[in-house]
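Enquirer: sharing a model prediction with you, sequence too.
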Amino acid sequence: MRKVLPSVAIGALLIAVWWILVVVTRSVIFPTPLQVITGIWELAEDGSLWRDIGASLYRVGAGFLLAVLFAIPLGLWMGWVRGAYATLNPIFQMLRPISPIAWIPIAILWFGVGNVSPIFLIFISSVFPMVVQTTAGVHAIERRYLRAAENFGVSRYTLFKQVVIPAVLPQIIVGMRIGLGVAWLVVVAAEMIALHSGLGYLIIDSRNAGNRYDLVIASMIVIGLIGLMLDRAMRLLEGHKLVRWRYAR
Amino acid sequence: MPAKIAVRDVSKSFPSDKGQLHVVDRVSFEVGDGELVAIVGPSGCGKTTLMNIVAGFDRPDQGSVSTDGVLRTEPSSRGILISQHGSVFPWLTVQQNLMFGLNGYAHDDKEALADHYTAMVGLKGFEASYPHELSGGMLKRAELARALVVKPEILYMDEPFSALDALMNLRMRNELLRVLTEEHHTVLLITHDVEEAIHLADRILVMSTRPGRIQASFDVPMAHPRKLSSSQVQELREAILRELGVDID
């Protein structure tokens, strides 16, 4: 209770300040907190909120899953095989700083304005942090553990299954958390530009349909809450018994 | 019959900023079957480098290491290394750690074998515990059990108990001596602790400062259990310390 009290107090204070400013400035366009809440209610009632949440989550889910399937084996390979790292790392380092938003024109050119474009953008945005984290995780495996495995003369399969993968798993989860966070940022941006559904589209559509800023802010709050929930879900993985050793002591 | 371990004229250098760093210089010694030989020397004298070469993890620039008359060029589960910082896998339980070493072994009941050694080192009831749930002493016992379970002919022990507090260090020495009365192993022990060497070893080799050479050899004729406060032990201790250049008057 004591832990959450300060943040609840700050939140309440911000809402109060927002409310007072809107009333004092007699803004016609900017909504009060109450208008935003009724906006959320309105969107929920007519079903568009659920439809758009579903569309965004579907795209993030698909793009992120593809990125996981691609990035983790690739990261393990790049971490383990020196030649693979030397060859691919410079390419990844060059591609990584390019904002996923910059890929939007290319995505539309290649995949049109359907679901494939945002899925591609999410893939591009979340694959890099996961590859980098997984590779770094392999490089960070302490030599004493690899030596112990060598000493017991285990097969390559056992070495990977019982030493390399468990040792890297905490880093993989960190990469997944970063990747999912970026994916959620990108889906909103992608939907604002090239699509006709999703929470990003909801923001743009609300503004275009008669400056409904109550719905714009309502969508923003929903985006924030879902982002928070996705991060919490990833954090649950950090508590799994297979990776708990990393956070103990 | 060839010696269990025969080290012949082993030298090793490493590149450094100031040119080649000569770490081990023409070291030769033998360890007989079932013998416990300790190497003592000041820190930085190349003891660990020598141990890595003897255990097969590193190659000498010059000279050779044989076990049972066969040239050793790589590590094998016939000789297990136990090092100061330990290498019990933190992501596996105690039992899984023991089973790890048994991966390539054809044995009817590996679990029973693992349980036998867990009990032997006094960890019965902790089979399902993860290393981070164990104390430093228990962790050392787990490491010892993991080494013993593959029935190695040789135990290479590199400062195995030096990270433990004095009381636990003493307990682990007694534990090791008890295990050695129950099972037949040849032990090569590296330590900077002269008292530990006298407590455990049949023979003590004194290494010089870098580049490390064997400068003296002492037999330890006292029978186990050894009384560390006895005048014989004290005389031997003083003789070894004098050899190490420590002023004891």
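Expert: That came in fine, so what should we check first?

Enquirer: name the SS class of B:L189, please.
Expert: Of the three states, B:L189 takes strand under DSSP: H, G, I helix; E, B strand; the rest coil.

Enquirer: double-check that B:S28 belongs to a strand.
Expert: Yes. Assignment of B:S28 by three-state DSSP places it within a strand.

Enquirer: okay, now it: neighbour count?
Expert: 13 (other CB atoms under 10 Å in any protein chain shown). The C-beta positions use only the backbone N, C-alpha and C, and glycine is treated the same way.

Enquirer: again with B:A166
Expert: 8.

Enquirer: before we move on, what about A:I98?
Expert: With neighbours defined by other CB under 10 Å, the count for A:I98 comes to 12.

Enquirer: look up how far chain B lies from it.
Expert: Separation of A:I98 from chain B (CB to the nearest CB, to the nearest Å): 35 Å.

Enquirer: in three-state terms, label the residue nearest the centre of chain B for me.
Expert: Nearest to the geometric centre of chain B sits B:M157, at 1.4 Å (CA atoms, centre = their mean). Assigned state for B:M157: strand (three-state reduction, three-state DSSP).

Enquirer: beta partners of it?
Expert: On DSSP bridges, the residues paired with B:M157 through beta bridges are B:I82, B:L189.

Enquirer: who's in contact with it?
Expert: If you count contacts by CB atoms under 8 Å, 6 or more residues apart in numbering or on different chains, B:M157 has them with B:81-82, B:187-190.

Enquirer: let's see that with 10 Å instead.
Expert: Applying CB atoms under 10 Å, 6 or more residues apart in numbering or on different chains to B:M157 gives the contacts B:36, B:38, B:51, B:80-84, B:144, B:147, B:176, B:187-191, B:200.

Enquirer: do you know how far it is from chain A?
Expert: Relative to chain A, B:M157 is positioned 13 Å away (CB to the nearest CB).

Enquirer: if we can go back for a sec, just the buried subset of the contacts of B:M157, please.
Expert: A residue is treated as buried here by neighbour count (16 or more other CB atoms under 10 Å in any protein chain shown); on that basis the buried members of the contacts of B:M157 are B:36, B:38, B:51, B:80-84, B:144, B:147, B:176, B:187-191, B:200.

Enquirer: next structured bit after the lengthiest helix in chain A?
Expert: Among the segments of chain A that qualify as a helix by DSSP state H, the longest is helix A:48-80. If you walk from helix A:48-80 toward the C-terminus, the next helix or strand you reach (DSSP states H and E) is helix A:82-95.

Enquirer: could you export that following helix as PDB, CA atoms only?
Expert: In PDB, the C-alpha atoms belonging to helix A:82-95 read as follows (Å, rounded to 0.1, in the frame of the first residue of the first chain):
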ATOM      1  CA  ARG A  82      33.000 -16.800 -34.500                       C
ATOM      2  CA  GLY A  83      32.800 -16.600 -38.200                       C
ATOM      3  CA  ALA A  84      29.000 -16.000 -38.200                       C
ATOM      4  CA  TYR A  85      29.500 -13.200 -35.700                       C
ATOM      5  CA  ALA A  86      32.300 -11.600 -37.700                       C
ATOM      6  CA  THR A  87      30.200 -11.800 -40.900                       C
ATOM      7  CA  LEU A  88      26.800 -10.800 -39.700                       C
ATOM      8  CA  ASN A  89      27.400  -8.500 -36.800                       C
ATOM      9  CA  PRO A  90      28.500  -5.500 -38.900                       C
ATOM     10  CA  ILE A  91      25.400  -5.800 -41.000                       C
ATOM     11  CA  PHE A  92      23.200  -6.000 -37.900                       C
ATOM     12  CA  GLN A  93      25.000  -3.000 -36.300                       C
ATOM     13  CA  MET A  94      24.300  -1.000 -39.500                       C
ATOM     14  CA  LEU A  95      20.600  -1.900 -39.800                       C
END
